[in-house]
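K.L.:
Give me coordinates for this.
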Amino acid sequence: MSNTSFSTLPLQAALLNNLQDLGFHNMTAIQQQALPAILEGKDIIAQAKTGSGKTATFGLGLLQKLDVKYFRVQSLVLCPTRELADQVSAELRRLARSIHNIKILTLCGGAPVGPQIGSLEHGAHIIVGTPGRVLDHIERGRLDLSDLTSLVLDEADRMLEMGFQKELDAIVSKTPYQRQTLLFSATYPDAIAALSARLLREPVRVTIEEQHNQDTIAQHFFQVGGDEASRMAALRLLLLKYQGQSSIVFCTTKRETDDVADFLYKAGFSVLALHGDLDQKDRDHTLVQFANGSACVLVATDVAARGLDVSSVDAVFNYQLAHDSDTHTHRIGRTGRAGQQGVAVSLYGKYEDYKIGTLEADFDMKIQPQPLPSPDDIQAQPSHAKMATLQLDGGKKHKIRPGDIVGALTASKQLQGDDLGRIQVYDIWSFVAVKRELAKTALRLLQEGKIKGKTVRSRIL
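P.N.:
Here you go, the predicted model:
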């Protein structure tokens, strides 16, 4: 965090006042370096890690130049995953609270098309979405980008890794040449350099040095036997030692993810698995439960965990080392955010010395394997989730807001506001986290009560 205040920027008074209300006083490094150029209308290539404050960086730029009286799509933000798009949309809405009648619309694959078509017919100022779904709406004549003034590519490296090159090129071909383009990427491989050369005009290059270091993230490396039983046993011990209340275990394959999650579940851990073979409903349920504290351990593949809306986790465990240093950096960057201390634990076999050598060279560090803790020295038990998740069969389409859910649960005084956790309202369903010991009481209150004058079916996930 820098000592430079947002008030030094030429932002609208309404935006500055809202930033104060949100507790945003001083700029992060990327905001300090990139926002002045963005507000001047320049194209930007910003290389920064997740958690650096980049969403507010481009969000303030979009909102500052937006003409809310001109009801056309003026800004488009493209993201690699639905989860990241939802996260970006939520942050933009927070930043835009002081702007009346602004409409921000999210267009993502995996979500029903019907409501999106209806929303597009009513128009929007800002579109946030994934490349495939956005292109589909364009090609079917539902989305017109001829009035676009700002294009943002968020986590551009991951969009290319996920195979969205053709979709990006097709979308850009439908935008005006005279536009501002802001490209954000955690890494800067040759593919990003080529993309930047095609899309941006005289861009300002901003590079934020590695945000995560030994001061904020303690990295531990453990050499394990070559068989899966030895590796899983080591993971169990290390989870008991370092787990905290929320941990992510990274695996390399979908099969491995399921196997590790099954092993940890049988060992008594509160665990969920996340990988590409899950259907969208199960994926949504998994992400919601982990993000709101209803599970303590998430076992995931790298691509599946992109855009995970969790501010920070206590520890990251690499069940297998990442294939490259950039992916390792992405993984461990999930912990130690916002000045908090984090832990990153990595397991490797004797035939993976070449990966250790690469990490040593890229991180300029000497890696010494530590001895595994003895089972006799660990008295801890697996952490239990403090919250449980209730799903309601009603959402935005039914005019349900978070306050309606809070009211339904607290009206009888059997539950207090402090007994509730995160509330997420989607188009046709909603989720609310409740202290685990009160979950059945909360379910009964929802089943016996009404929201917006109607009974809403509910269940505990």
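
K.L.:
any idea how far residue 271 is from residue 247?
P.N.:
For residue 271, the distance to residue 247 (Cβ to Cβ, to the nearest Å) stands at 9 Å. Yep, even glycine has a C-beta here, placed from its N, CA and C like the rest.

K.L.:
Please apply the same query to residue 349.
P.N.:
Distance from residue 349 to residue 247, by Cβ to Cβ: 22 Å.

K.L.:
go on, residue 174?
P.N.:
Here the criterion is Cβ to Cβ. By it, residue 174 lies 43 Å from residue 247.

K.L.:
the more surrounded of the two?
P.N.:
Of the pair residue 174 and residue 247, residue 247 is the one with more neighbours under other Cβ atoms under 10 Å, namely 27 against 16.

K.L.:
so what sits against both of residue 271 and residue 247?
P.N.:
Listed as contacting both residue 271 and residue 247 by Cβ atoms under 8 Å, 6 or more residues apart in numbering are 296, 297, 298.

K.L.:
tell me the SS of the last one?
P.N.:
With DSSP: H, G, I helix; E, B strand; the rest coil as the basis, residue 298 sits in strand.

K.L.:
Now for the residue lying closest to it once chain neighbours are set aside, how many residues are close by?
P.N.:
Counting by Cβ to Cβ, 6 or more residues apart in numbering, the nearest residue to residue 298 once its immediate chain neighbours are dropped is residue 290, at 4.6 Å. Residue 290 has 28 neighbouring residues, counting by other Cβ under 10 Å.

K.L.:
Quick check: closest non-adjacent residue to residue 254.
P.N.:
Using Cβ to Cβ, 6+ apart, the nearest residue to residue 254 is residue 275, at 4.2 Å.

K.L.:
do you know how far the one you found is from residue 117?
P.N.:
30 Å.

K.L.:
higher neighbour count, these two?
P.N.:
When residue 275 is set against residue 117 and neighbours are counted by other Cβ under 10 Å, the residue ahead is residue 275, at 22 against 14.

K.L.:
which residues are in contact with stretch 194-214?
P.N.:
29-30, 33-34, 37, 42-49, 51-52, 151, 153, 156, 160, 165, 168-169, 172, 181, 183, 188, 329, 332-333, 336, 342, 365.

K.L.:
how about it: buried residues?
P.N.:
Within stretch 194-214, the residues scored as buried using 16 or more other Cβ atoms under 10 Å are 195, 196, 199, 200, 203, 204, 206, 208, 211, 212.

K.L.:
before we move on, what about stretch 279-299?
P.N.:
Of the residues in stretch 279-299, those with enough neighbours to count as buried (16+ other Cβ under 10 Å) are 283-299.

K.L.:
Distance across stretch 261-274, terminal residue to terminal residue?
P.N.:
9 Å (Cα to Cα, to the nearest Å).

K.L.:
dump the residue contacts of the closest residue to residue 112 other than its chain neighbours.
P.N.:
Closest residue to residue 112 apart from its sequence neighbours, by Cβ to Cβ, 6+ apart: residue 427 at 6.7 Å. Counting by Cβ under 8 Å, 6+ apart, residue 427 makes contact with 111, 112, 115, 395, 396, 397.

K.L.:
Can you report how many residues lie near residue 60?
P.N.:
Neighbourhood size, residue 60 [other Cβ under 10 Å]: 26.
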